[in-house]
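Novice: coordinates only, sequence not included:
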């Protein structure tokens, strides 16, 4: 007999980078399921506006994922106001594109700080809390870019390979503890982060709501690998099983090798500027602050 899906109503879910894009869509989907959602974001003002729009089951907190102390303070503030965190969705991330040899060190460091250290900080901050209760779910947002090479995004791909690897290894260490781990790997998502980015032949962009639905589904019925769309899972496995020469030929045939390489720089400019100025040293966030909340 199949297990009954887990009930999300009443659960406390913390989401990083939740003021926009996939994070916001996920927060909205979870609110509809009856969960209480903590909107964590470096942009505290936008986080508050997002929480206001989502209603009384959403609360806004400032969060700098690159700072471990900020992450600990974020979870402390969430638990102090909403109760124990049941789920953490590590969603915050940035994507700077361009030839690897032209990438400056500051850009690479910022991607590593957010996409890697931001995930590590969240994992190290939340897992002891979940383990102490013997229950909970960690969801790390990666990408299909974490399963293969995509020219034009070498460092970004490297960070997503890391997220897949650390998630898989942590899952092995946590087996039998009652704490679930999942990694979400979407194709190109129609958000500001993917402005000016094309797609491989036969693989359209997905919407943030598509990713949100997949996250809600995995929280109800836990599993590790979460591909969006789901059909990408078998395709990725088939590609990985091919000899390298055939795999690369296949990637070229469907244009996957050009997805992050041939981009519309003009369409990406606004995003690239915002991502480049996402350094808290330039735009410091306030201390974690709750805008509103309910249980």
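Specialist: Cool, the structure landed. Just so it is clear, the structure is predicted and the values come from calculations on it, not from any experiment.
Novice: so what's the most centrally placed residue in the chain up against?
Specialist: Residue closest to the average C-alpha location in the chain (C-alpha atoms, centre = their mean): residue 91, at 2.4 Å. Counting by C-beta atoms under 8 Å, 6 or more residues apart in numbering, residue 91 makes contact with 15-18, 22-23, 26, 141. Using the backbone N, CA and C atoms, a C-beta is placed for each residue, glycine as well.
Novice: The stretch 101-250 of the chain: strands as residue ranges?
Specialist: 136-141, 179-186, 225-228 (DSSP state E, counting those that start in this stretch).
Novice: Turn the contacts of residue 91 into CSV, including pLDDT.
Specialist: Formatted as CSV, these follow (pLDDT from 0 to 100):
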residue, pLDDT
15, 98
16, 98
17, 97
18, 97
22, 97
23, 97
26, 98
141, 98
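Novice: And the pLDDT at the residue nearest to the centre of the chain?
Specialist: In this prediction, residue 91 carries a pLDDT score of 98.
Novice: Looking at the strands of the stretch 101-250 of the chain, which one is packed in the most?
Specialist: Comparing these by mean neighbour count (mean count of other C-beta atoms under 10 Å), strand 136-141 ranks first with a mean of 25.
Novice: tell me the angle of that strand relative to strand 179-186?
Specialist: Comparing the axes of strand 136-141 and strand 179-186 via axes from the mean of the first three to the mean of the last three C-alpha atoms, to 10 degrees yields an angle of 20 degrees.
Novice: in its sheet, what does strand 136-141 sit against?
Specialist: strand 87-90 (parallel), strand 179-186 (parallel) (DSSP bridges).
Novice: Take the ones you listed and write them to JSON lines, including distance to residue 49.
Specialist: Formatted as JSON lines, those follow (distance: least, C-beta to C-beta, whole Å):
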{"stretch": "strand 87-90", "distance to residue 49": "20"}
{"stretch": "strand 179-186", "distance to residue 49": "25"}
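Novice: from the contacts of residue 91, which single one is nearest residue 161?
Specialist: Using C-beta to C-beta, residue 141 is the member of those that sits closest to residue 161, with 13.8 Å.
Novice: doesn't residue 95 make contact with that closest one?
Specialist: No. Using C-beta atoms under 8 Å, residue 141 makes no contact with residue 95, being 12.0 Å away.
Novice: Report the distance from the longest helix anywhere in the chain to the chain centre.
Specialist: Counting residues, the longest helix found in the chain (DSSP state H) is helix 154-174. Its chain's average C-alpha position is 12 Å from that of helix 154-174, according to C-alpha atoms, centre = their mean, to the nearest Å.
Novice: try stretch 89-98
Specialist: On the basis of C-alpha atoms, centre = their mean, stretch 89-98 is displaced by 8 Å from the centre of the chain it belongs to.
Novice: end-to-end on that stretch?
Specialist: Criterion C-alpha to C-alpha, to the nearest Å; first-to-last residue distance in stretch 89-98 is 28 Å.
Novice: Let the chain start at 57 from now.
Specialist: Noted, 57 is the first residue going forward, which turns the last one into stretch 145-154.
Novice: picking up where we left off before, CSV for the strands of the stretch 157-306 of the chain, including distance to residue 295?
Specialist: Below are the strands of the stretch 157-306 of the chain laid out as CSV (distance: least, C-beta to C-beta, whole Å):
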stretch, distance to residue 295
strand 192-197, 21
strand 235-242, 13
strand 281-284, 12
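Novice: between those strands, which gets nearest to residue 323?
Specialist: That would be strand 235-242 among the strands of the stretch 157-306 of the chain, by C-beta to C-beta, at 19.6 Å.
Novice: what does the closest one rub up against?
Specialist: Strand 235-242 is contacted from outside by 78, 183, 186-187, 190-200, 202-203, 219-220, 223-224, 226-227, 230, 262, 266-267, 270-271, 274, 278-284, 288, 292, using C-beta under 8 Å, 6+ apart.
Novice: tell me the angle of that strand relative to helix 210-230?
Specialist: For strand 235-242 against helix 210-230, the angle by the same axes, to 10 degrees is 160 degrees.
Novice: And the helices in the chain, which stretches?
Specialist: Going by DSSP H, the chain shows helices at 77-88, 100-110, 124-138, 161-167, 174-189, 210-230, 264-276, 288-297, 300-309, 321-332.
Novice: Point out the most buried one among these.
Specialist: Highest mean neighbour count of these: helix 77-88, a mean of 24 (counted as mean count of other C-beta under 10 Å).
Novice: hmm, who's touching that one?
Specialist: With C-beta under 8 Å, 6+ apart, helix 77-88 has contacts from 64, 69, 71-74, 93, 95, 97, 106, 110-111, 113-114, 145, 147-148, 197, 242, 245, 247-249, 263-265, 267-269, 271-272, 275.
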